[in-house]
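Trainee: this one's structure only:
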């Protein structure tokens with residue numbers, strides 16, 4: 001039933017969302033994981049701070065070293081840097097500094113004897129735990145009527161996400177109670193505790209390339225002695241910036257959720273309005289005779305392709321029908337295998353199709369093997385495809401004259417899928433990922449929702465037009481009768497109970513079975529009922545040589561491959577994310 005459209009759309013969203021969430025949370029199992037980080041900062045009244053960062057590295061593959069780096073901007077300086085290895089294999093290579101200044105540290109802790117030797121990793125991974133200790137000078141920033149500690153616990157340039165981050169901030173007892181802000185929006189917070197002047201925070205599932213920063217603003221506090229002074233920056237500007245950030249993120253989150261609901265709900269409403277079928281009085285189990293006298297390509301276009309251009313099966317069916325009508329005849333070799341076609345007469349309604357074959361005649365015979373070789377030539381292939389396309393369009397025009405199908409809903413669904421399921425989500429993803437690191441987590445969640453919307457758009461585009469289109473009464477009766485005929489000619493027990501009155505009727509059965517795409521099954525039924533090939537031009541030929549249908553059907557595919565191959569061969573201060581520092585880690 002058509003109600004599967006709802007299930008398909010919901011399933012596509014769920015699948016897309018699950019895939020993105022899994023990617024955000026887990027990521028690929030590479031060399032390095034970061035199961036835990038801790039950041040402890042003790043702030044002194046004179047604007048200095050003592051920091052201890054403890055990094056737990058988990059190495060999943062043989063490695064040589066782990067690394068750690070951090071940078072600060074003027075006037076903040078870094079002093080008394082120490083490294084303490086708390087857990088890990090023997091340190092055989094020592095500690096190597098790529099850079100060590102009063103504002104930048106880039107250090108490698110080399111566990112291998114040389115860069116040519118790797119440290120083996122036990123089953124389950126190797127844990128390396130390192131504490132990095134340092135003092136920060138002039139870390140407090142003083143404005144006109146406030147002082148703030150604006151510090152990154154984790155820098156944004158990490159290639160690996162962090163599973164858990166614990167933060168401890170100890171402030172001077174003489175400082176007023178701070179206003180506390182954390183960025184970016186969307187971080188998963190495990191817990192928070194405040195005991196006196198000690199503030200503890202825990203974060204979980206921090207994505208790669210996402211920073212984590214804290215802003216502690218002390219209203220009315222000035223004269224701390226720090227050299228980090230920003231003239232003209234006021235407390236009201238800080239609060240305005242934080243409010244603006246919260247409003248922007250809140251608005252974007254609501255808009256993204258609303259848009260996703262919109263993309264999900266509109267196709268369902270379109271289906272309910274335009275796609276639900278009318279009821280007709282028709283209860284027959286089978287149709288034992290041809291439901292109409294229309295050509296097989298016409299039936300293919302209406303029934304198999306749902307009022308679209310006929311497919312490759314229609315080409316084979318039309319050729320078989322031309323043979324039955326005496327417009328063509330099959331050419332056989334001495335083994336009675338069909339090797340080609342002789343065109344005796346070109347009927348008006350099939351002139352484009354038969355002329356497409358006639359172009360490959362040699363001595364009045366269209367040899368299929370020779371034709372396939374000729375179709376390897378781009379010019380020949382393109383000419384053949386153009387002629388076949390003209391024939392397909394002529395068939396479709398005749399089908400459309402019947403007005404069997406109201407395609408309003410399908411048109412709306414396809415246009416909606418392109419614009420709102422593909423184009424707009426793509427622009428939104430581009431916009432979100434260019435908003436900067438302060439919106440990094442938001443961009444990830446937003447991308448997840450937009451990928452789900454793109455999944456809906458793709459489903460709408462590939463979905464059969466029958467889902468959102470609707471048959472009229474005549475069209476639905478036509479479709480149901482031909483589907484029941486298709487069911488009858490595939491059912492051996494029904495055929496044996498009600499056999500055709502003459503062998504010649506099998507010709508019609510096979511021609512229309514080819515148009516409906518079930519020729520193979522019908523030929524198998526024919527062989528079960530007749531121990532010898534019947535004396536009829538179509539049934540008898542296909543009894544002996546059933547691959548003929550696929551040989552004719554595949555000719556257009558050969559031409560398409562040729563043309564496709566030819567074409568491809570030618571062708572600070574108050575801003576969010578302004579916290580100081582933020583270490584980055586790695587491994588090799």
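Mentor: In hand now; what should we look at? Predicted model only: the values in this text are computed from it and were never measured.
Trainee: Following the chain onward from the least confident helix or strand in the chain by mean pLDDT, which element is next?
Mentor: Least confident helix or strand of the chain, by mean pLDDT, DSSP states H and E, is helix 4-25 with a mean of 47. Beyond helix 4-25 on the C-terminal side, the first helix or strand identified by DSSP states H and E is strand 32-43.
Trainee: what's near enough to touch residue 227?
Mentor: Residues in contact with residue 227, defined by CB atoms under 8 Å, 6 or more residues apart in numbering, are 47, 75, 138. Using the backbone N, CA and C atoms, a C-beta is placed for each residue, glycine as well.
Trainee: Kindly reformat those as JSON lines containing distance to residue 587, secondary structure and pLDDT.
Mentor: Shown next, in JSON lines, are the contacts of residue 227 (distance: CB to CB, whole Å; DSSP: H, G, I helix; E, B strand; the rest coil; pLDDT from 0 to 100):
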{"residue": "47", "distance to residue 587": "34", "secondary structure": "coil", "pLDDT": "82"}
{"residue": "75", "distance to residue 587": "32", "secondary structure": "coil", "pLDDT": "91"}
{"residue": "138", "distance to residue 587": "32", "secondary structure": "coil", "pLDDT": "92"}
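Trainee: If any of the residues you listed are buried, give me the PyMOL selection for them.
Mentor: Buried residues within the contacts of residue 227, by 16 or more other CB atoms under 10 Å, are selected in PyMOL with:
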select buried, resi 47+138
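Trainee: Closest one of the contacts of residue 227 to residue 180?
Mentor: Of all these, residue 180 sits closest to residue 47, with 19.0 Å by CB to CB.
Trainee: Tell me how far the closest one lies from residue 140.
Mentor: According to CB to CB, to the nearest Å, residue 47 stands 4 Å off from residue 140.
Trainee: next one: residue 32
Mentor: Using CB to CB, residue 32 is found at 34 Å from residue 140.
Trainee: ditto for residue 274
Mentor: As defined by CB to CB, residue 274 lies at a distance of 65 Å from residue 140.
Trainee: So those two - more neighbours on which side?
Mentor: Using other CB atoms under 10 Å as the criterion, residue 274 and residue 140 rank with residue 140 on top: 29 against 18.
Trainee: hang on, the more buried one packs against residue 222?
Mentor: No - with contacts counted by CB atoms under 8 Å, residue 140 stays clear of residue 222, the gap being 10.5 Å.
Trainee: for the stretch 451-588 of the chain, what spans make up the helices?
Mentor: 473-490, 492-497, 505-516, 519-529, 539-544, 548-553, 555-570 (DSSP state H, counting those that start in this stretch).
Trainee: Out of those, which is the most enclosed?
Mentor: helix 505-516 (a mean of 25; mean count of other CB atoms under 10 Å).
Trainee: Run the angle between that helix and helix 519-529 for me.
Mentor: For helix 505-516 against helix 519-529, the angle by axes from the mean of the first three to the mean of the last three CA atoms, to 10 degrees is 160 degrees.
Trainee: Show me where the protein dips below the pLDDT cut-off.
Mentor: Across the chain, the ranges flagged by pLDDT under 70 are 1-29, 567-578, 580, 582.
Trainee: By residue count, which helix of it is the longest?
Mentor: In terms of residue count, the longest helix belonging to the chain (DSSP state H) is helix 235-270.
Trainee: Show me which residues of that helix are buried.
Mentor: The neighbour-count check on helix 235-270 (16+ other CB under 10 Å) flags 235, 238-239, 241-242, 245, 248-249, 252-253, 256, 259-260, 263-264, 266-267, 270 as buried.
Trainee: Then stretch 187-197?
Mentor: residue 187.
Trainee: What lies in contact with it?
Mentor: With CB under 8 Å, 6+ apart, stretch 187-197 has contacts from 164, 170-173, 175, 182, 199-206, 210, 212, 441.
Trainee: Give the full set of residues in contact with residue 374.
Mentor: 360, 380.
Trainee: let's see it at 10 Å
Mentor: By CB atoms under 10 Å, 6 or more residues apart in numbering, residue 374 lies in contact with 359-360, 362, 367, 380-381, 384, 558-559, 562.
Trainee: Could you do residue 547 as well?
Mentor: Residue 547 sits next to 337-338, 520, 554 when contact means CB under 10 Å, 6+ apart.
Trainee: Could you pull out the helices in the stretch 301-450 of the chain for me?
Mentor: Listed in chain order, the helices of the stretch 301-450 of the chain (DSSP H, counting those that start in this stretch) span 312-325, 351-358, 368-374, 378-402, 408-418, 424-432, 440-462.
Trainee: May I see the ones you listed organised as TSV, with distance to residue 71 added?
Mentor: Conversion of the helices of the stretch 301-450 of the chain to TSV gives the following (distance: least, CB to CB, whole Å):
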stretch	distance to residue 71
helix 312-325	63
helix 351-358	69
helix 368-374	66
helix 378-402	58
helix 408-418	45
helix 424-432	27
helix 440-462	19
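Trainee: Tell me which of those sits most buried.
Mentor: Highest mean neighbour count of these: helix 312-325, a mean of 24 (counted as mean count of other CB under 10 Å).
Trainee: what's the angle between that helix and helix 351-358?
Mentor: Using the same axes, to 10 degrees: helix 312-325 against helix 351-358 is 90 degrees.
Trainee: Please compute how far helix 312-325 lies from its chain's middle.
Mentor: Taking the mean of its C-alpha atoms, helix 312-325 sits 40 Å from the chain's own mean (CA atoms, centre = their mean, to the nearest Å).
Trainee: Also stretch 507-517?
Mentor: 38 Å.
Trainee: what's the answer for stretch 107-114, then?
Mentor: Relative to where its chain is centred, stretch 107-114 has its mean C-alpha point 41 Å off (CA atoms, centre = their mean).
Trainee: do the same with stretch 377-384
Mentor: The answer for stretch 377-384 is 35 Å, by CA atoms, centre = their mean.
Trainee: what's next to it, contact-wise?
Mentor: 356-357, 359-360, 371, 373-375, 555-556, 558-567, 569.
Trainee: For the closest residue to residue 523 other than its chain neighbours, which residues are in contact?
Mentor: Of all residues not flanking residue 523 in the chain, residue 546 sits nearest, at 4.9 Å (CB to CB, 6 or more residues apart in numbering). Contact analysis of residue 546 by CB under 10 Å, 6+ apart lists 510, 519-520, 523-524, 526-527.
Trainee: Phi, psi for residue 546 please.
Mentor: phi -70, psi -20 (degrees, to the nearest 10).
Trainee: just to revisit the earlier point, biggest separation within the contacts of residue 546, which pair?
Mentor: The largest distance within the contacts of residue 546, taken as CB to CB, falls between 519 and 527 and amounts to 12.6 Å.
Trainee: Assign residue 209 to helix, strand or coil.
Mentor: coil (DSSP: H, G, I helix; E, B strand; the rest coil).
Trainee: Please report the distance of it from residue 242.
Mentor: In this view, residue 209 and residue 242 are 23 Å apart by CB to CB.
Trainee: And residue 99, by the same measure?
Mentor: 34 Å.
Trainee: ok, now residue 357?
Mentor: Distance from residue 357 to residue 242, by CB to CB: 75 Å.
Trainee: State the helix or strand in which residue 149 lies.
Mentor: Assigned by DSSP H and E, residue 149 falls within strand 146-154.
Trainee: now that strand against strand 32-43, angle please.
Mentor: Going by the same axes, to 10 degrees, strand 146-154 makes 160 degrees with strand 32-43.
Trainee: what angle do strand 146-154 and helix 235-270 make?
Mentor: Going by the same axes, to 10 degrees, strand 146-154 makes 50 degrees with helix 235-270.
Trainee: just how off-centre is strand 146-154 within its chain?
Mentor: 39 Å.
Trainee: same question, stretch 519-529
Mentor: How far stretch 519-529 lies from its chain's middle: 41 Å, per CA atoms, centre = their mean.
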